[in-house]
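S.K.: Structure of the sequence below:
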Amino acid sequence: MNISKEQLDDLNAVVTVDIAKADYSDKVDNILKDYRKNANIPGFRKGHVPMGLVKKQYGKAVLVDEVNKLLQDALNKYLTEEKLDVLGNPLPKEQEDFDWEAGDYSFEFELGLAPKFEVKLGGKKAVTHYKITATEEMVDNQIKTIQKQYGKLISKDTAEKDDVIAGSFTNEEKEIDNATTVSLDKIKGKKNLDKFVGAKVGDVIALKTKGLFNDDHDLIAALKINHDEAHDLNIEVNFTITEINKQELADLDQELFDKLYGPGVVKSVTDLKDKIKQDAERQFEQQSEQQLLNDVTESVLENTKFELPVEFLQKWIRTTGEQPLTEDQAKDEYEKSEKGLRYQLIEGKIINDNNLQVTFEELKDFAKDLIKAQMAQFGQNSPEDKELEDIAARILSNQDEVKRISEQVMSKKMLNYYKENAKLKVKEVSFDEFIKEVYK
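M.R.: Alright, predicted model coming up:
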């Protein structure tokens, strides 16, 4: 057997595999001898079928199978030993009038090669690393929400501003009939609010849906409709009042603090504000870091330039799927996947150049941290290490879980690498400012 490579250019090559009869003949003969021993052919005793008949019946199929096995093994070994970084898989070149009777065979494979490049972590402009802070207004609103949640409702006859009204929204044409509870501090505009103030149980209030709530998401919940239906909805609905309650806020005392965080963790309103601020900013940090990862990824893609074997990749897409594609379909598929392929190559180079590969110990430690966090939610704050080890072992026996956790660990490694090496500028913003800037 002989294997040779013709380098067409930096991104394309052709590998030729020459297989001689001596490379496979012994293997084929041995398989056919086994077939002969076990063949059940009418007119012949088992084990006494003429070899010529066995070869006639099974010879070509065995030959093709063994040559293909030999071919794939040799090609894979060659690519590994030569350390060829190929994209996709080798594509066999079509050969007209291929003759399986020839004895000696030659096969050609097209290769698409990964480009050589240097990763450019950034251009002239630094990537913004947002530090999202919880504003005093946000903390105060959260405290008010907690007081409402742990407070109590006092039944009333007549509605006043800031009361909580239970009732049903109806609209016959749109088939809306939904029982719900409305907090009047969520109603938008004095005109709408005035319709509720002074109303009594049993009253029916006619309302326009457009501009009814401060937050459009409250309209979705109130009418039990989907987001698309709520968009620009401007119809008249009736609201029939079934119950009126005054919201009495919970006192900000030690009893409430202990309910929220456990005995003695929070001892004053100042402590409560600090705890709420810390918890909120911890959650914001996850959003900030995900945005940083997205933004640095875009920056790296924009600044790291290299060519790809486009023609080969489009041909590979066209011929290797479950269903063959037309050239135009393959071109469309390539354009959709090109950005992802480019980042995959960039990420792979960063990982290899900086030894960022994920180890099993890292997977296990990450899994144990996830388990501890979940157990803490149910009040188990000090699990034994053996228990964690056992649960982690069960999780890591599932390949889907291993893949999911591996991706999370790798994202964390890439984020840390970018933090240390990319050109960043820290910008402190409120959550609302972050949303406006990122989703503008």
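S.K.: max-length helix in this structure?
M.R.: helix 269-303 (DSSP state H).
S.K.: Can you name the helix or strand that residue 16 falls in?
M.R.: Element membership for residue 16 (DSSP states H and E) is strand 12-19.
S.K.: err, residue 72, not the other one
M.R.: Assigned by DSSP H and E, residue 72 falls in helix 51-81.
S.K.: I'd like the average pLDDT over the helix or strand that comes right after that helix.
M.R.: Counting by DSSP H and E, the element after helix 51-81 in chain order, helix or strand, is strand 86-92. What strand 86-92 shows for mean pLDDT is 93.
S.K.: hang on, the earlier thing: between the helix holding residue 72 and strand 12-19, how many degrees?
M.R.: Helix 51-81 runs at 140 degrees relative to strand 12-19, counting by axes from the mean of the first three to the mean of the last three Cα atoms, to 10 degrees.
S.K.: pretty sure residue 354 contacts residue 417?
M.R.: Yes - shown here, residue 354 and residue 417 form a contact pair, counting by Cβ atoms under 8 Å, at 6.4 Å. C-beta: built from backbone N, CA, C; applies to glycine.
S.K.: If we go by neighbour counts, what in stretch 233-244 is buried?
M.R.: Using 16 or more other Cβ atoms under 10 Å as the test for burial, stretch 233-244 gives 233, 237, 239, 241, 244.
S.K.: Columns distance to residue 210, pLDDT and secondary structure on top of those residues, output as JSON lines?
M.R.: Output for the buried residues of stretch 233-244, formatted as JSON lines (distance: Cβ to Cβ, whole Å; pLDDT from 0 to 100; DSSP: H, G, I helix; E, B strand; the rest coil):
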{"residue": "233", "distance to residue 210": "7", "pLDDT": "87", "secondary structure": "coil"}
{"residue": "237", "distance to residue 210": "11", "pLDDT": "95", "secondary structure": "strand"}
{"residue": "239", "distance to residue 210": "15", "pLDDT": "96", "secondary structure": "strand"}
{"residue": "241", "distance to residue 210": "21", "pLDDT": "96", "secondary structure": "strand"}
{"residue": "244", "distance to residue 210": "25", "pLDDT": "96", "secondary structure": "strand"}
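S.K.: can you put these in CSV and add distance to residue 426?
M.R.: Formatted as CSV, the buried residues of stretch 233-244 follow (distance: Cβ to Cβ, whole Å):
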residue, distance to residue 426
233, 41
237, 47
239, 48
241, 51
244, 50
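S.K.: Now do the helices in the stretch 301-440 of the chain.
M.R.: 310-320, 327-353, 360-377, 385-395, 399-421, 431-438 (DSSP state H, counting those that start in this stretch).
S.K.: can you give me the angle the fourth one makes with helix 399-421?
M.R.: Think helix 385-395. Using the same axes, to 10 degrees: helix 385-395 against helix 399-421 is 110 degrees.
S.K.: roughly how far is helix 385-395 from the heart of the chain?
M.R.: With Cα atoms, centre = their mean, to the nearest Å as the basis, helix 385-395 stands 25 Å off its chain's centre.
S.K.: how far off helix 360-377 does that helix point, in degrees?
M.R.: Using the same axes, to 10 degrees: helix 385-395 against helix 360-377 is 110 degrees.
S.K.: And the furthest pair within the buried residues of stretch 233-244?
M.R.: Greatest spacing in those, by Cβ to Cβ: 233 and 244 (26.2 Å).
S.K.: before we move on, the earlier item: what helices and strands are in contact with the longest helix of the chain?
M.R.: Packing partners of helix 269-303 (3 or more Cβ pairs under 8 Å, 6 or more residues apart in numbering; DSSP states H and E): strand 127-133, helix 136-149, helix 254-261, helix 327-353, helix 399-421, helix 431-438.
S.K.: where in this protein is pLDDT low?
M.R.: Applying pLDDT under 70 to the chain picks out residues 381.
S.K.: switch the cut-off to 80
M.R.: Applying pLDDT under 80 to the chain flags residues 37-49, 54, 122-123, 231-232, 321, 376-383, 440.
S.K.: if I pick residue 440, what's in contact with it?
M.R.: If a contact means Cβ atoms under 8 Å, 6 or more residues apart in numbering, then residue 440 has no contacts.
S.K.: can you pull the contacts of residue 236?
M.R.: 171, 206, 207, 208, 209.
S.K.: Compare the residues you listed and tell me which has the most neighbours.
M.R.: Neighbour counts for the contacts of residue 236 (other Cβ atoms under 10 Å) peak at residue 209, which has 22 neighbours.
S.K.: how close does that one get to residue 194?
M.R.: 17 Å (Cβ to Cβ, to the nearest Å).
S.K.: doesn't residue 220 make contact with residue 226?
M.R.: Yes - in this structure, residue 226 is within contact of residue 220 by Cβ under 8 Å, at 7.1 Å.
S.K.: neighbour count winner among these two?
M.R.: Using other Cβ under 10 Å as the criterion, residue 226 and residue 220 rank with residue 220 on top: 17 against 9.
S.K.: Which element, helix or strand, includes that one?
M.R.: Assigned by DSSP H and E, residue 220 falls in helix 216-223.
S.K.: For that helix, buried residues please.
M.R.: 216, 218, 219, 220, 222, 223.
S.K.: what's the closest of the residues you listed to residue 403?
M.R.: residue 220 (34.8 Å).
S.K.: The closest one: what's its closest spatial neighbour, skipping adjacent residues?
M.R.: Leaving out its chain neighbours, the residue that sits closest to residue 220 by Cβ to Cβ, 6 or more residues apart in numbering is residue 230, at 4.8 Å.
S.K.: got a list of what the one you found touches?
M.R.: For residue 230, the contact set (Cβ under 8 Å, 6+ apart) comprises 216, 219, 220, 223.
S.K.: any idea how far residue 129 is from the closest residue in space to residue 54 that isn't next to it in sequence?
M.R.: Distance criterion Cβ to Cβ, 6+ apart; nearest residue to residue 54, sequence neighbours excluded, is residue 36 at 4.8 Å. According to Cβ to Cβ, residue 36 and residue 129 sit 73 Å apart.
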